[in-house]
Structure formats: structure tokens, C-alpha cells
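Enquirer: return atomic coordinates for the entry below.
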Amino acid sequence: MTGLQPLLEPKSVAIIGASERENSLGRTLVANMVGAKFHGKIYPINPKSPTILGLPAYSSVLDIPGDVDLAVIATPAATVPAIIRECARKKIPCTIVISSGFKEVGEEGEKLEAEVLSIAKESGMRILGPNCLGCMNPHIGLNATFAAGCGLKGNIAFISQSGALCTAVLDWSFERELGFSAFVSLGSMSDIEWGDLIEYLGNDPKTDAVIMYMETIGNAETFLKAVAKVAMRKPLCVIKAGRTQAAAKAAASHTGSLAGSDDVFSAAMRQTGVLRVATIDELSEVALWLSKQPIPKGSHLTIVTNAGGPGVLATDAAALAGAELTELSKDAIASLSKVLPAAWSHGNPIDVLGDADAKRYVEAIAKALEEPSTDGLLVILTPQDMTDSTGTARALVERVKQCKKPLLASWMGGATVAEGKEILKKAGIPLFDYPDNAAHAFAMLSDHHKHLQVLAKSEQEHHSLPESVKIELEKQIRVASQSGAKILSESTSKEILHSAGIPVVRNLLATSAKEAAAVAQNIGYPVVLKLHSSTVTHKTDVGGVKLHLKDEAAVLKAYQEIEESVTKMVGKSAFEGVAVQQMVSMKGVEVILGSSVDPQWGPVILFGAGGELVEVYKDRSLGLPPLNRVVARQMIEDTKIVQVLKGARGRKPVSIDALVDLLVKFSLFIDALPMIAECDINPLLVSSEGFIALDARIVLKDTPRI
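Expert: So this is what the prediction gives:
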């Protein structure tokens, strides 16, 4: 056995802390393993009892004859280091630490956890937890948890940082006939993390999709590497808690880990092909769908219903989530008219009317599926006086055997439709209580499929900064940092960007009004004067920018006004002169292109609407470098300003292809230079004539990022 196989496919399990005491954790763990009919050997560990629930018990794992693949530890936190040492001596490859009382409780717990990890790493042991529910593999009867029962066998892997959510999802899964290939509670993720499990499940033949509840990302690099290997082959879906500041704080206190930026997380998921959902409802919709049906290959949904209202609700839900109703051809309408009453809707949704029996439903479904542009079919039934919900369900089950496209159902109501619902669930048809939920699930998954197709086109793209350019840039940054300044001047920042191939307006420095006038005369009017300062970053906030200066008198006056304003607002030492640059005559749109370093994800690229009100509009998108052309284009398309760039209201359109190239080039620059903490080009003026950076700022790290 290698990697995580002993955790999820063990042949022998030791339960440390096993007990016969009623309502104890140790008893529940043993009872769950026995109740699930584990395919391997179970070894209860309790030095005070010869047997536990009829199984021979052992004083220590060292007393067990033969090998042990997995140890489950449910003893007080203070005892865990010594137990891990014994497991290491026994050469047990994987352990689950159910116990709490580690880093989530503070400094003492953190020390305990560090000790446990140190022992495990020396022996090569992998640890799930601590502070977790455990894990299940229903296919082999493994229920190494204290949950109420073992999950059904199935094709969905569920991973969660919340043990309580695990138990709720498990209970819901029984009602929905949803089965699992693996069911894992990560807990505090001291060792085994998201990336480890995703990579393992990506190679697991019993797993068709991975559903995740996440509070913290842990090691972002291993996560991204694992996702890159799996996302294009198997659907990955995540709900991430901690979207608000208050929730992020709660998540951090829950797991003892940094929650990270939610916007960056969303960008990373989209860029790597992971479907992010916003609610538990959406997570359950996706899980239910993927457990029963393939992902729709297109966005055209056909609805068959016996009531107008529910069909309209489903139509709204589909449209709002980005899908659209199939436009029925004349041939399809004619074909449907042969089997439906004259009063049918003659369009999509296909309203088969309230008196529809099973035969009419099935005939309508058969005709609807003949429409080649249909990518999925939603069948809605409401319990009207003449409705045979059970017979219609049986007929639908027979029909679905011949259906090659996704088919889902919404049997609305309670007791009247209960028998029909059970028939549909057992047949593997995704069943939704409400049709709008079903349509929403279709839209989410069809959009995800479309996005994956776009990402697939970029898999062969490989870009990097030329080595000669990288060497020159590193040299410039070394020279610029010799003074000890971390915030580089606008002039220095622009020189570096120019060397990276980013078009800039060049600056000339002046430390007196007379010198500024001479420089302006040399450049040619009109000119711009900007504050030159190693401490002030937002020049306009301190009156540090003067535009449209047309002659010497204007320059002399502007220099004096900038000096006086800066001195008054932030002190004389902040004024180090001015940068003089030509006033750009090109008309265009101001955007921002920048980067910063996220504590978990590393460097992040930002693009959006720029200028003075950039923080007010907050119209921007994010991406992780190095960008390829597909991701760069998606970043541009995800902003509102893109409509202006494309020529809204009679403007001359910007070359989006050229702007894509610029984003890629900038991302390579950032990716190649780990000493850069921040870089802002704001504004970057873009027009049909080209692009030019009017202002720029580079901030260096105290130490290069790794």
C-alpha cells in the first residue's frame, strides 16, 4: 500500500481508546466498524478489557499480531504523542486523530500538535485530523467515524473540514439515495490536506466526482497541483466558508488556520476548473446530480410540465443562472402536437396540461428528446386531481433507460407524490423538491462544462519571461533597492516596467521649480507635474498631481502648489521634487493593472476599471500568474469596463487581443520577480491607438517571496 491507500482502503484497523461504556466515543467507533461489516480486521485497544463488543482487545498496538494499516485514536490530547510513538514503532502507515485539544485551543495545544507531527514525519506516517469525525469507505465497510451509520455505496467523494456538516450531509444522503466512494472529515489538517485527498481520489476508479466543504485552504501550492491533475477529468465542487470578515474570523478560530482572501479564492477556483457554489443548497444540488447523471454538454434545457407556474419558475431559474430554454423547431412542435391536446403550450416549457396521464407524459418526453438542440430534460409533476404520479414515475424510469442526455425530475408535493419519488430515487434519476432548484443545478453544471472546455484550450500554453530580460530586471531592482527604500519612485517603477515590455510615459525628475520649467521646455508642452516621493503613494490625495500645464508660468506655479500642499498635509520631508512628463493627448479608457501577494496563494494579478475612483467602483477581476491567454481574456471579460473597451456608445473599440497579450506579459514579469510585493499601473490608458502606463508604483518585499 502507498500514499493514502491505508487510510481509505485499509485491511486492518486498530481503534485506540475502544470501550464498552455506553454512549462513549470508544464504543461508538468499534460499533460503527462492526455495524458497517468492515472487510478487514478490527483491533480494539484497551489495556483494561480483554474484549470489546465481542472482539479480542489489546493493551497496545505493539501487542497486535501482524500488520496494522490504520490506527484510529480517540483518547485525550495529552496522551496522543505517546500513542503516535507506539504506532510509529509498529510501522502503522496512517492514523486518524479524532481527539480535539490541539492548535484550535491555543499555545499548549499547538505544542502538542507539533510534537505529534514531528514523530509522524520521522516515521513517514500520515495523519488525518486532529479534531475530526474520521473517514468512511462504504465499498469496503469502513466506518472509522463516530457518525450515526455508514454511508451508502456510491460514486461521490465528500471531504469536509466540519465534522458536524459531515453528519448532516450523511443523514440527508440516506433520504436522497446518495452514495459515497469516500467520506472524509479533515479536521485541523495538521498533515493530510486537500491536495493529498484530491490527488488520491482523482486516481480512485470508484470516485466520479469530489464535493468539498472548506474553511481554510491549507497548503495552496499542493492544492493547485492536485487540482491541475484532476479537474479536467473529474468534477470538483467546493463551498468555501469565511466569505465575510466575521465568518473568516470564526473559521480561523474553528480550525486554527488562516482563512485567506475570498476574492482570490474564487479566482483560483475558476482558473483551475473547480466549481464553486455559494450555498449548501447548491452543493446538495450538484452532489445529487453528479451521483446520478453526466454533466450537460450544453446550456439548452427542455421542460415538460403539467402546470404553467412551476414551468415559469424553472425558466426564470435557468435564465438567471446562465442557461436558456431550447427553442423548439417547427418539426418538433408539429410532432408534439400529434400526441398532445390542442391546448398545449406550443413552446418550451412543454405544458402537457393538468389532466396528463403517464402515457401523455412519456410521449411528450420522447418527442422532446428528438429535438437535437436539447442538452437536458426537466420533467415537472404537480399532484392535480387526475395526475397519476406513481404511474408517471414508473413510465419515466422506463424511458430514461433509452435517454442519453441528462434527465432530472421535480415531483412537487408531499404524501400524494411520495411513492413516485421513491421510484425515481431508486432508479437513479436526480429528484428535486422544487423545479427552480433543478433548473439552477442544470445551469450551474452546463456553465461549468463550458468553462472547462475553454480551460482545456489553454492547457498547451506555456509562457515565460526571456532569461535575458529577467536578468536585466533583477539588476535594475537590485540597484533601486540599494538605498533601502521599499517603495520605488514612479520614475524608477516606470523604467523597470519599460524594460519588461510594458509601454510607459517616461518621467524626468526636477528638484526645483526652475529645473522643472527647463525639463518641460525640453519635453514640449503641455506637460504633467507629479510629486516625487519615496513615502507618499497616492499622490492625488495630497495635491501631488497637476495636469495640462501649457507654459513656463503654469509649471512654476504648479511646482510651488505641489510643494506647499504636500508640506502642509504630510510634512516637508515627503516632498523630494517632481516628475515631469508629457501630457498624453491620446483619448482612451483608464484601467488598472496590478499585483499583490496573498498570504496563502502568493502573487495575484488584478485588472479592472482604473483612475482616481478605482476603490469606489471596485470593478476588477483577479488571476494567479503566470496567466495564459485564455485566463487573461476571461479576466478582461469578467469586468464591467470590458463593454466600454469593446466600443460601447460609439467609442472606438480597443484591441482585446492586444490587451490580453499585455496581461500575459505583465503576469510573466510578476511571476519571474519574487522580490516584488506590489505593483500598480493606475491608470493604464487603453485606446484603439494602443496602451500606455500613465502612473506606476512598485513596492519591494523585505525578503523575496518563496
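
Enquirer: please make it C-alpha for all contacts and neighbour counts, starting now.
Expert: OK.

Enquirer: let me know the next secondary structure element after the lowest-mean-pLDDT helix or strand in the chain.
Expert: Lowest on mean pLDDT, DSSP states H and E among the helices and strands of the chain sits helix 245-255, with a mean of 51. Per DSSP states H and E, the first helix or strand lying C-terminal to helix 245-255 is helix 262-272.

Enquirer: summarise which helices and strands that next one is packed against.
Expert: Helix 262-272 sits against helix 220-230, strand 275-277, strand 620-623, with contacts defined as 3 or more C-alpha pairs under 8 Å, 6 or more residues apart in numbering; DSSP states H and E.

Enquirer: return the most buried member of the ones you listed.
Expert: Comparing the helices and strands packed on helix 262-272 by mean neighbour count (mean count of other C-alpha atoms under 10 Å), strand 620-623 ranks first with a mean of 24.

Enquirer: what sits up against it?
Expert: 263-264, 267-268, 271, 604-609, 631-632, 635-636, 638-639 (C-alpha atoms under 8 Å, 6 or more residues apart in numbering).

Enquirer: contact partners for the nearest residue to residue 416 once chain neighbours are set aside?
Expert: Nearest residue to residue 416 in three dimensions, chain neighbours excluded: residue 383, at 6.7 Å (C-alpha to C-alpha, 6 or more residues apart in numbering). With contact set as C-alpha under 8 Å, 6+ apart, residue 383 has these partners: 389, 412-413, 416-417.

Enquirer: how about those in TSV, adding pLDDT and secondary structure?
Expert: Converted to TSV, those look like this (pLDDT from 0 to 100; DSSP: H, G, I helix; E, B strand; the rest coil):
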residue	pLDDT	secondary structure
389	95	helix
412	97	coil
413	94	coil
416	94	helix
417	96	helix
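
Enquirer: out of those, who has the most neighbours?
Expert: Ranked by the number of neighbours (other C-alpha atoms under 10 Å), these place residue 389 first, at 23 neighbours.

Enquirer: pretty sure that residue contacts residue 379?
Expert: No. Applying C-alpha atoms under 8 Å as the test, residue 389 and residue 379 come out as separate, 11.7 Å apart.

Enquirer: over to residue 701: give its phi and psi.
Expert: phi -80, psi 160 (degrees, to the nearest 10).

Enquirer: surely it is in contact with residue 484?
Expert: No. Between residue 701 and residue 484 there is no contact under C-alpha under 8 Å: 11.0 Å.

Enquirer: list the buried residues for stretch 154-167?
Expert: 154-163, 166-167 (16 or more other C-alpha atoms under 10 Å).

Enquirer: let me fix that, I meant to ask about stretch 445-459.
Expert: Applying 16+ other C-alpha under 10 Å to stretch 445-459 flags 445-449, 451-452, 455 as buried.

Enquirer: again, but for stretch 204-221
Expert: So stretch 204-221, judged by 16+ other C-alpha under 10 Å, has buried residues 206-218, 220.

Enquirer: of those, closest to residue 20?
Expert: Of all those, residue 20 sits closest to residue 213, with 33.0 Å by C-alpha to C-alpha.

Enquirer: that closest one pairs with what?
Expert: Beta bridges link residue 213 to residue 160, residue 239, judged by DSSP bridges.

Enquirer: just residue 43 next, same as before
Expert: Beta-bridge partners of residue 43, as defined by DSSP bridges: residue 14.

Enquirer: can you pull the contacts of it?
Expert: 12-15, 55-58, 64.

Enquirer: among those, which ones are buried?
Expert: Members of those classed as buried by 16+ other C-alpha under 10 Å are 12-15, 57-58, 64.

Enquirer: what comes into contact with stretch 493-500?
Expert: Residues outside stretch 493-500 that contact it (C-alpha under 8 Å, 6+ apart) are 469, 472-473, 476-477, 503-506, 665-666, 669, 695-698.

Enquirer: who touches the strand ranked longest in the chain?
Expert: Determined from DSSP state E, the single longest strand within the chain is strand 676-687. Outside strand 676-687, the residues within contact range by C-alpha under 8 Å, 6+ apart are 586-597, 603, 610-611, 645, 652-655, 670, 691-701, 704.

Enquirer: and the residues you listed, which are buried?
Expert: 588-597, 603, 610-611, 645, 653-655, 670, 691-700.

Enquirer: of those residues, which belong to helices?
Expert: 645, 670 (DSSP state H).

Enquirer: tell me the confidence at residue 538?
Expert: Listed pLDDT for residue 538 reads 82.

Enquirer: going forward can the numbers begin at 145, since that is how I track them
Expert: Noted, 145 is the first residue going forward, which turns the last one into residue 682.

Enquirer: residue contacts, the residue most central in space within the chain?
Expert: In the chain, the centroid-proximal residue (C-alpha atoms, centre = their mean) is residue 413; its distance is 3.1 Å. For residue 413, the contacting residues are 419-420, by C-alpha under 8 Å, 6+ apart.

Enquirer: which element is residue 809 on?
Expert: helix 800-816.

Enquirer: ok, residue 300 next?
Expert: Judged by DSSP H and E, residue 300 forms part of strand 296-304.

Enquirer: which SSE is immediately downstream of that strand?
Expert: Following strand 296-304 in sequence, per DSSP H and E, is helix 307-320.

Enquirer: list the helices and strands that following helix packs on?
Expert: For helix 307-320, the packing partners by 3+ C-alpha pairs under 8 Å, 6+ apart are strand 323-329.

Enquirer: quick one: low-confidence ranges for the protein?
Expert: 145-146, 387-404, 603-605, 847-850 (pLDDT under 70).

Enquirer: now residue 709: which helix or strand?
Expert: helix 696-714.

Enquirer: which strands or helices does that helix pack on?
Expert: So helix 696-714, by 3+ C-alpha pairs under 8 Å, 6+ apart, packs with helix 657-667, strand 671-675, strand 689-693.

Enquirer: now the residue nearest to residue 550 when sequence neighbours are not counted: how far from residue 444?
Expert: Among residues not flanking residue 550 along the chain, residue 520 sits closest, at 4.9 Å (C-alpha to C-alpha, 6+ apart). Separation of residue 520 from residue 444 (C-alpha to C-alpha, to the nearest Å): 7 Å.

Enquirer: near the nearest residue to residue 252 once chain neighbours are set aside, how many other residues are there?
Expert: Nearest non-adjacent residue to residue 252, counting by C-alpha to C-alpha, 6+ apart: residue 246, 7.5 Å away. When neighbours are defined as other C-alpha under 10 Å, residue 246 has 25 of them.

Enquirer: winner for burial among the helices and strands packed on helix 696-714?
Expert: By mean count of other C-alpha under 10 Å, the helices and strands packed on helix 696-714 have strand 671-675 as the most buried, with a mean of 25.

Enquirer: could you list every helix and strand in contact with the longest helix belonging to the chain?
Expert: When the chain is parsed with DSSP H, its longest helix is helix 579-600. Applying 3+ C-alpha pairs under 8 Å, 6+ apart, we find helix 579-600 packed against helix 424-436, helix 452-464, strand 520-525, strand 551-555, helix 773-781.

Enquirer: dump these into TSV; add mean neighbour count and distance to residue 699 as well.
Expert: TSV is the format used below for the helices and strands packed on helix 579-600 (neighbours: other C-alpha atoms under 10 Å; distance: least, C-alpha to C-alpha, whole Å):
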stretch	mean neighbour count	distance to residue 699
helix 424-436	21	60
helix 452-464	19	54
strand 520-525	26	67
strand 551-555	25	71
helix 773-781	21	38
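
Enquirer: now these in TSV, with distance to residue 499?
Expert: As requested, the helices and strands packed on helix 579-600 are arranged in TSV below (distance: least, C-alpha to C-alpha, whole Å):
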stretch	distance to residue 499
helix 424-436	29
helix 452-464	13
strand 520-525	11
strand 551-555	15
helix 773-781	47
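
Enquirer: now do the helix or strand hosting residue 760: distance to the chain's middle.
Expert: Element membership for residue 760 (DSSP H and E) is helix 758-761. How far helix 758-761 lies from its chain's middle: 24 Å, per C-alpha atoms, centre = their mean, to the nearest Å.

Enquirer: which parts of that helix are buried?
Expert: Those would be residue 758, for helix 758-761 by 16+ other C-alpha under 10 Å.
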